[in-house]
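Engineer: below are the sequence and a predicted model for it; my questions follow.
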Amino acid sequence: MKTYSISQVSEMYHLPTTTLRYYEDLGLLYDIPRKGNRRAYTQQHLDRLGSICCFKNTGMTLSELQTLFSYSEHGGDLDKIVDLLDQHCQEVDEQLALLKQNQQHIKRKLHFYQDIRTAEQTNTPLPDWDNYRSKTFH
């Protein structure tokens with residue numbers, strides 16, 4: 001079975017080693033075997049860390065992660081887990097909608113400034129921002 005050192009895992013996930021140790025302290029990562037006095041992460045640990053990063057990157061708190069993972073380890077209130085994931089999914093949907101709005105605004109600005117550049121290069125009238133406010137760019 002292939003194993004990875006804490007420094008390799010740190011580099012793979014762009015996390016400081018202190019964060020990996022903290023996740024262990026919280027019980028988010030556990031049963032990490034040792035080779036001598038060094039941690040030896042397995043694919044199972046990497047998979048778990050991938051889940052942790054996914055949920056953290058989308059705004060889930062460490063406390064919520066502990067709740068989520070506690071079910072798979074100890075059982076418990078399945079309704080609570082479903083509610084947690086449903087709420088988190090709704091929050092991610094809201095984040096995505098906001099990102100799409102922001103992306104569209106950035107695209108409007110991009111086209112506006114590209115058109116200014118073109119107008120300056122061709123000595124034609126400069127564009128008016130009002131003509132870009134409600135346009136949708138793909």
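Structural biologist: Alright, I've got the coordinates. Numbers count the residues shown, from 1 in each chain.
Engineer: run a quick neighbour tally on residue 92.
Structural biologist: If you count neighbours by other CB atoms under 10 Å, residue 92 ends up with 15. (Each C-beta comes from the backbone N, C-alpha and C, glycine too.)
Engineer: domains for this structure, by residue range?
Structural biologist: 1-76, 77-138 (automatic domain parsing).
Engineer: from residue 107, how far out is residue 25?
Structural biologist: According to CB to CB, to the nearest Å, residue 25 and residue 107 sit 44 Å apart.
Engineer: neighbour-wise, which of those two wins?
Structural biologist: Using other CB under 10 Å, the more surrounded residue of residue 25 and residue 107 is residue 107, with 15 against 9.
Engineer: surely that one and residue 132 touch.
Structural biologist: No. In this structure, residue 107 is not within contact of residue 132 by CB atoms under 8 Å, at 9.6 Å.
Engineer: distance of residue 24 from residue 78?
Structural biologist: Taking CB to CB, one finds residue 24 at 26 Å from residue 78.
Engineer: give me the pLDDT for the residue of the chain positioned farthest from its centre.
Structural biologist: If you look at how far each residue of the chain sits from its centre, by CA atoms, centre = their mean, the farthest one is residue 123, at 44.9 Å. Looking at residue 123, its pLDDT stands at 97.
Engineer: do residue 72 as well
Structural biologist: Predicted confidence (pLDDT) for residue 72: 78.
Engineer: for the host helix or strand of it, packing partners?
Structural biologist: Remark: residue 72 resides in helix 62-74, with elements defined by DSSP states H and E. If contacts are counted by 3 or more CB pairs under 8 Å, 6 or more residues apart in numbering; DSSP states H and E, helix 62-74 sits against helix 43-57, helix 78-122.
Engineer: now the lowest-mean-pLDDT helix or strand in the chain: buried residues?
Structural biologist: Lowest on mean pLDDT, DSSP states H and E among the helices and strands of the chain sits helix 62-74, with a mean of 89. Neighbour counts using 16 or more other CB atoms under 10 Å place 64-65, 67-69 of helix 62-74 among the buried residues.
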